[in-house]
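**Student:** predicted model and sequence follow; I will ask about them next.
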Amino acid sequence: MAKIPVFYSFHFANDVMRVQQIRNIGAIEGNSAVNANEWERLKRSGKAAVQNWIDQNMKYKRCVIVLIGSETASRPWVRYEIERAWNQGKAIIGIHIHNIRCARNGTCRKGANPFDEFTFNDGRKLSSVVPCYDPDPSQAYRDIAANISGWIDHAIKNKRN
């Protein structure tokens, strides 16, 4: 199976080690990792620089995967990435990663669904059309590894027109 190009959206400070584990699954081709120093330098460069980085890195991706930790839903850049992906007609999915063990912090509490933060004009929430997966807590990594390709394929096939 060919690797699918994806963009990962997540809360860097809290979840980067969990996200790195997801990247290492190898079933998908994600945007290249940014280290903490690069991310801080990019943020100090200003809003336009961060938006440009996101836009450039999301440009040719087929799916945006929001990796949801305890505070992901409240992060302004995650909100920007979700809105940008939706407006560009990209496939989007969410995966809760609170049960992926971080070497520094262990597991974390389950975060809110970030797609609940967006409402259509008819009152429906974006979460009513964007799937958000919550892997088996006892085997979260294994569950994600076994299913992520299928989740992405499903999102791409069923994305909005």
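**Tutor:** On my side now, so go ahead.
**Student:** doesn't Arg79 fall inside a helix?
**Tutor:** Yes - the secondary structure assignment for Arg79 places it in a helix, going by DSSP: H, G, I helix; E, B strand; the rest coil.
**Student:** is it in contact with Pro114, as I believe?
**Tutor:** Yes - with contact taken as C-beta atoms under 8 Å, Arg79 and Pro114 are classed as touching, separated by 7.2 Å. C-betas here are computed from N, CA, C, even on glycine.
**Student:** ok, the two, which is more surrounded?
**Tutor:** Pro114 (24 against 16; other C-beta atoms under 10 Å).
**Student:** and the gap between that one and Leu42?
**Tutor:** With distances defined as C-beta to C-beta, to the nearest Å, the gap from Pro114 to Leu42 amounts to 21 Å.
**Student:** beta partners of the most centrally placed residue in the chain?
**Tutor:** For the chain, the residue nearest the mean C-alpha position is Val66 (1.8 Å; C-alpha atoms, centre = their mean). Under DSSP bridges, the beta-bridge partners of Val66 are Ser9, Gly94.
**Student:** so it sits right up against Ile92, yeah?
**Tutor:** Yes - contact status for Val66 versus Ile92: in contact at 7.0 Å, counting by C-beta under 8 Å.
**Student:** spit out the residues that contact the two alike.
**Tutor:** Shared contacts of Val66 and Ile92, defined by C-beta atoms under 8 Å, 6 or more residues apart in numbering, comprise Ile82, Phe115.
**Student:** quick one: residues in contact with the longest helix that the chain contains.
**Tutor:** Ranked by residue count and defined by DSSP state H, the top helix of the chain is helix 140-158. Outside helix 140-158, the residues within contact range by C-beta under 8 Å, 6+ apart are 1, 4, 6, 21-22, 25, 27-28, 62-63, 65, 91-93, 95, 97, 99-100, 131, 133, 135-136.
**Student:** now with 7 Å, please.
**Tutor:** By C-beta atoms under 7 Å, 6 or more residues apart in numbering, the surrounding residues in contact with helix 140-158 are 1, 4, 6, 21-22, 25, 27-28, 62-63, 91-93, 95, 99-100, 131, 133, 135-136.
**Student:** go ahead and build a PyMOL selection from the buried members of these.
**Tutor:** Only the buried members of the contacts of helix 140-158 end up in this PyMOL selection, burial being decided by 16 or more other C-beta atoms under 10 Å:
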select buried, resi 4+6+21+22+27+28+62+63+91+92+93+95+99+100+135
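**Student:** ok so, going back, now the longest helix of the chain: average pLDDT?
**Tutor:** If you average the pLDDT over helix 140-158, you get 93.
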